[in-house]
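K.L.:
Sequence plus predicted model, see below.
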Amino acid sequence: MSMFKIFDTAGSGMSAQSLRLNLVASNLANVDSVSSSIDQTYRAREPVFRALVDRFHPDAATGGVRVAGVVESQEPLRKEYAPDHPLADENGYIYRPNVSLPEEMANMISASRSYQSNVEVVNSARQMLLATLRMGE
């Protein structure tokens, strides 16, 4: 792997983890939202990542990560009986998102640490390149 490809790999990881953090923030922002219909209720969103591999060198290490898409969680929504709530449906139910606060906090910590790890890779690669250039002096 070329030394410069390391920056592309780490950069793609940083970009992926940044998207993951944004989705966690969106999920946390909507954790307490309420709706009167299942169709209008916010559903937790999660990123789907795909590893990039060099097609011409199948034995080569991966060349980073790509976001394949964003999917909505298939976990059931929370249905709550609250007949006095202004958004209650005709049966007295309101619907809350399927966002799990502990799961989102764990995702946030994981994404943050992964992002930090990629920053360290970039810093280490930069230092090695500078040391290599200084050897020629």
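P.N.:
Structure's in. What do you need? Residues are numbered from 1 along each chain as shown.

K.L.:
what pLDDT does Thr62 get?
P.N.:
pLDDT recorded at Thr62 is 60.

K.L.:
no, scratch that, I was asking about Leu130
P.N.:
Here, the pLDDT recorded for Leu130 equals 89.

K.L.:
What is the three-state secondary structure of it?
P.N.:
What DSSP: H, G, I helix; E, B strand; the rest coil gives for Leu130 is helix.

K.L.:
Excluding sequence neighbours, find me the nearest residue to Met108.
P.N.:
Distances taken as CB to CB, 6 or more residues apart in numbering put Val24 closest to Met108, at 4.7 Å, once the chain neighbours are dropped. From N, CA and C alone the C-beta is placed, and that goes for glycine too.

K.L.:
Mind giving me the packing neighbours of the helix or strand containing the one you found?
P.N.:
According to DSSP states H and E, Val24 maps onto helix 3-29. Where contact means 3 or more CB pairs under 8 Å, 6 or more residues apart in numbering; DSSP states H and E, helix 3-29 is packed against strand 45-53, strand 62-72, helix 101-135.

K.L.:
orientation of the second one relative to strand 45-53 in degrees?
P.N.:
In terms of direction (axes from the mean of the first three to the mean of the last three CA atoms, to 10 degrees), strand 62-72 departs from strand 45-53 by 160 degrees.

K.L.:
Thank you, goodbye.
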